[in-house]
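Trainee: What shape does this take:
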Amino acid sequence: MRNSAGKRRHCPFTGPNDTHQVSYKRFRRRIIQRGRGQGPTASTPLTTGCQCVPSFEFNTVCQRLELDSPPRSREPAQRALQGNLQATPWVGGVSDCEAVTPHSTPCTVSAQGWPTTENAYEQRSVWRAAIQGHDNTQQAGSDKRRHSLRPFAVLEKVCSLQGKSAVKLGAPALLNDYYTNLLDCSCNGMIALALGSSVYIWNSETHALVGYLDLSPNPGQLYQQTQSISSLCWSRDGRALCIGTRQGQTQLWDVEHKQNMICLPSHLSVVRAFSWKQDLLSSGSILGCIHHLDPRAPTPLVGAAVQEEGICSLQWSPGDDWLASGSTDGLLHIWNNDIAGLTKSHQPITTMKQPSSVKAMGWCPWQRKMIATGGGWKDGELRIWDTQMGTCVTSVNTNSQICSLRWAEKKRYVVTGHGLPHHQVRTWEFPSLSLSSQLTGHSHRVLHLALNPECTQIFSAGADQCFHIWDL
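Mentor: I've put the predicted structure just below:
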C-alpha cells in the first residue's frame, strides 16, 4: 500500500518484513493482543464466545416502534424503587427462559395444581415484600422527594371537572411506550403494575402495597432497558400472573404463595400482549407470532399462528369462541377457537381495517359478537365492530389519541384513556357512544386502564408516572 506521497505504508496487522497478505490466524492473534492493551477494535472477523440470542434490538419493525415511543432514562427512579422496599428472597429457583426447552424444564405440581420449576437452574426472579408502616409525613427536603418516588405512595387527592373524586399515587419508572400492556386488575381486586424490571402488587380494597416481583438478574442493579417488562395479565381466577419481557421471556407466577410456577417457551421478540382462555394462555409478539400455551402440559406449546403484522393487542372473547388480535398496521384479525397444531396455515376468519394501529381493543362482555377499538393519534376514532359481519356498527371521533380501552360491564360503559391534547379518561354510553364523563388529572397520555371487579372504580396509569383512582 502507498500513501498520497507515493511512499509505502505498513499495514497495522503485518510485520515490517511481511510482503504477503496476513493469514487469518495471525490477524486474529494480533487483534487479541491489541485488544488487551487498548479499547475494543471496531469490526473484526472474530467470532463471539457465546451464541447470540435473537432479541427485539435486531428487528427493524421493533426499532421503528421504539422510535414511536422513545423511553426515557429512569435509573434514579429505579434506584429509589429498590431502596424503599425490604428484600425478602423467594424460596425456589427460576430458570432462564431462553435457555430452557419445554422438554428439559423439571416441574413439580403446586398445591393449586399448577406446575412449578425446581432449583435445577440459576435463580433469576425474586419476590420482595413491602415495608409496612414506612410513611412519615414529617419528612422534609430530599426525604419528601424520595417518598414521592415510591410506588403507590399517595401524592394528592384531586377532584375532576364533573366532581368525581380521585386519588393520585406515584408510579415511578413506568415505561412511556404506547405498545406496552403494563396494568391489570384481578377478579380479587389485586392490581399488577409493571415499573421497569419489576411488577408491583397493590391491594385495591385495602390500598396496601403487598410487594413486588423483581425480574432483574441481580437485586439492586441499575435499570436496564432489555430487562424491562412489556406486558402482563392476570388469569381469570386471579391465581396466576403472567409476565412478558422485551427479551421475549414469559413467566407465570403464583402471587398468593410468592412462587414462580413455570417459565414458558419464549418468543424471539418483544411479548406485547396476553389473554387467557380458561387455563390456556395465548401470547402475541411484535413479530406477529401467536403462541397458545397450556402450563399444565409437559410440552406447554400446544398451538401457534402467525400474522404478517406485529401484534399490539390480544384478547379472547367472553365465551372463548373467538380470539381477536390487533396489529401495528391497523388490522383487526378474528380467529376461531381451533388453535391446535404448530403450523403457519391458520388464517383469521375475519379481518377489519382502521387507519392506525389497533392497540386499544376490547370485547363487549354482554354482546359477544361486538368489539371496540380505539384509533391512535392519526385517527382518534372510537369504533364498535360486528365481528361476524366484519363491519363497523357505530363510531365517534374523540379528537384525541386513544391509548387504552376497557369495558365497564355493570355500568354499560366503554372507558378510554387518551393522549394529546387533554390526557383524559373518558366514559361512553353504549351503544350510542355518547360522552358520559371526562376525567382530568394526568399531565401526559393515559397509557393503561383497569377497573375493579365491581366496576365502581377506574384505575389509570400515565406517562407522567402517576397512578390514578377514579370513582365511577
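
Trainee: Poorly predicted segments of the stretch 101-250 of the chain, please.
Mentor: By pLDDT under 70, the weakly predicted segments of the stretch 101-250 of the chain are 101-125, 131-148, 159-165, 216-227.

Trainee: can you tell me which helix or strand the nearest residue to I229 once chain neighbours are set aside belongs to?
Mentor: Among residues not flanking I229 along the chain, A194 sits closest, at 3.9 Å (CB to CB, 6 or more residues apart in numbering). In short, each C-beta sits where N, CA and C put it, glycine included. Per DSSP states H and E: A194 is located in strand 190-195.

Trainee: And that strand, what does it pack against?
Mentor: Secondary-structure packing of strand 190-195 (3 or more CB pairs under 8 Å, 6 or more residues apart in numbering; DSSP states H and E): strand 183-185, strand 198-203, strand 229-234.

Trainee: Now mean neighbour count and distance to P295 too, for these, in a markdown table please.
Mentor: As requested, the helices and strands packed on strand 190-195 are arranged in a markdown table below (neighbours: other CB atoms under 10 Å; distance: least, CB to CB, whole Å):
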| stretch | mean neighbour count | distance to P295 |
| --- | --- | --- |
| strand 183-185 | 23 | 18 |
| strand 198-203 | 22 | 18 |
| strand 229-234 | 25 | 13 |
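
Trainee: do you know which of the ones you listed lies nearest G419?
Mentor: The closest of the helices and strands packed on strand 190-195 to G419 is strand 183-185. By CB to CB, the value is 15.8 Å.

Trainee: and that closest one, what does it pack onto?
Mentor: strand 190-195, strand 229-234, strand 446-451, strand 457-462.

Trainee: still on that earlier bit, would you confirm that the residue nearest to I229 contacts L241?
Mentor: No - at 10.4 Å, A194 does not count as touching L241 under the criterion of CB atoms under 8 Å.

Trainee: so what sits against both of these two?
Mentor: L232 (CB atoms under 8 Å, 6 or more residues apart in numbering).

Trainee: These two - which one has more neighbours?
Mentor: Comparing A194 with L241 by other CB atoms under 10 Å, the one with more neighbours is A194, at 30 against 24.

Trainee: Just want the phi and psi numbers for the closest residue to R445 other than its chain neighbours.
Mentor: Using CB to CB, 6+ apart and skipping residues adjacent in sequence, the residue nearest R445 is G419, 3.4 Å away. Taking degrees, to the nearest 10, you get phi -100, psi -130 for the backbone angles of G419.

Trainee: and G419, how many neighbours does it have?
Mentor: 23.

Trainee: and the gap between it and Q401?
Mentor: 3 Å (CB to CB, to the nearest Å).

Trainee: Give the residues shared as contacts by the two.
Mentor: Jointly contacting G419 and Q401 under the rule CB under 8 Å, 6+ apart are 377, 445.

Trainee: Please enumerate the helices of this structure.
Mentor: Here the chain has its helices, by DSSP state H, at 24-37, 60-68, 75-83, 142-148.

Trainee: Now the terminal residues of stretch 380-400, how far apart.
Mentor: 5 Å (CA to CA, to the nearest Å).

Trainee: and that stretch, which residues are buried?
Mentor: Within stretch 380-400, the residues scored as buried using 16 or more other CB atoms under 10 Å are 380-387, 393, 395-396, 398, 400.

Trainee: Same question for stretch 442-453.
Mentor: Residues of stretch 442-453 classed as buried: 442, 445-453 (neighbour count, 16+ other CB under 10 Å).

Trainee: same check, this time on stretch 350-363
Mentor: Those would be 350, 352, 354, 356-363, for stretch 350-363 by 16+ other CB under 10 Å.

Trainee: Make JSON lines out of these and add distance to I458.
Mentor: Listed next are the buried residues of stretch 350-363 as JSON lines, based on distance: CB to CB, whole Å:
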{"residue": "T350", "distance to I458": "30"}
{"residue": "M352", "distance to I458": "27"}
{"residue": "Q354", "distance to I458": "24"}
{"residue": "S356", "distance to I458": "24"}
{"residue": "S357", "distance to I458": "23"}
{"residue": "V358", "distance to I458": "22"}
{"residue": "K359", "distance to I458": "18"}
{"residue": "A360", "distance to I458": "15"}
{"residue": "M361", "distance to I458": "18"}
{"residue": "G362", "distance to I458": "14"}
{"residue": "W363", "distance to I458": "18"}
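
Trainee: Point out where the stretch 251-400 of the chain drops to low pLDDT.
Mentor: Judged by pLDDT under 70, the stretch 251-400 of the chain has its weakly predicted residues at 343-344.

Trainee: For it, which segments are assigned as strands?
Mentor: Secondary structure of the stretch 251-400 of the chain (DSSP state E, counting those that start in this stretch): strands at 259-264, 271-277, 280-285, 289-293, 301-306, 311-316, 322-327, 331-336, 341-342, 350-353, 360-363, 370-374, 381-386, 391-397.

Trainee: Dump those into JSON lines; add distance to S460 as well.
Mentor: Listed next are the strands of the stretch 251-400 of the chain as JSON lines, based on distance: least, CB to CB, whole Å:
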{"stretch": "strand 259-264", "distance to S460": "29"}
{"stretch": "strand 271-277", "distance to S460": "19"}
{"stretch": "strand 280-285", "distance to S460": "23"}
{"stretch": "strand 289-293", "distance to S460": "28"}
{"stretch": "strand 301-306", "distance to S460": "32"}
{"stretch": "strand 311-316", "distance to S460": "17"}
{"stretch": "strand 322-327", "distance to S460": "20"}
{"stretch": "strand 331-336", "distance to S460": "24"}
{"stretch": "strand 341-342", "distance to S460": "38"}
{"stretch": "strand 350-353", "distance to S460": "27"}
{"stretch": "strand 360-363", "distance to S460": "13"}
{"stretch": "strand 370-374", "distance to S460": "14"}
{"stretch": "strand 381-386", "distance to S460": "17"}
{"stretch": "strand 391-397", "distance to S460": "20"}
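
Trainee: How about the contacts made by G319?
Mentor: G319 makes contact with R368, according to CB under 8 Å, 6+ apart.

Trainee: how much space is there between it and N181?
Mentor: On the measure of CB to CB, G319 and N181 end up 22 Å apart.

Trainee: swap in D321?
Mentor: 22 Å.

Trainee: Looking at those two now, which is surrounded by more residues?
Mentor: N181 (24 against 14).

Trainee: Leaving out sequence neighbours, find the closest residue to the more buried one.
Mentor: S231 (4.4 Å).

Trainee: my guess is the one you found meets S275, correct?
Mentor: No - between S231 and S275 there is no contact under CB under 8 Å: 10.3 Å.

Trainee: and Q278, how many residues sit next to it?
Mentor: Neighbours around Q278, by other CB under 10 Å: 11.

Trainee: now do the one 10 residues further on
Mentor: Neighbour count of G288, defined by other CB under 10 Å: 21.

Trainee: phi, psi of it?
Mentor: Dihedral pair for G288: phi 90, psi 10, per degrees, to the nearest 10.

Trainee: hmm, back to that, tell me the contacts of the residue nearest to N181?
Mentor: With CB under 8 Å, 6+ apart, S231 has these contacts: 180-182, 243-244, 271-274, 283.
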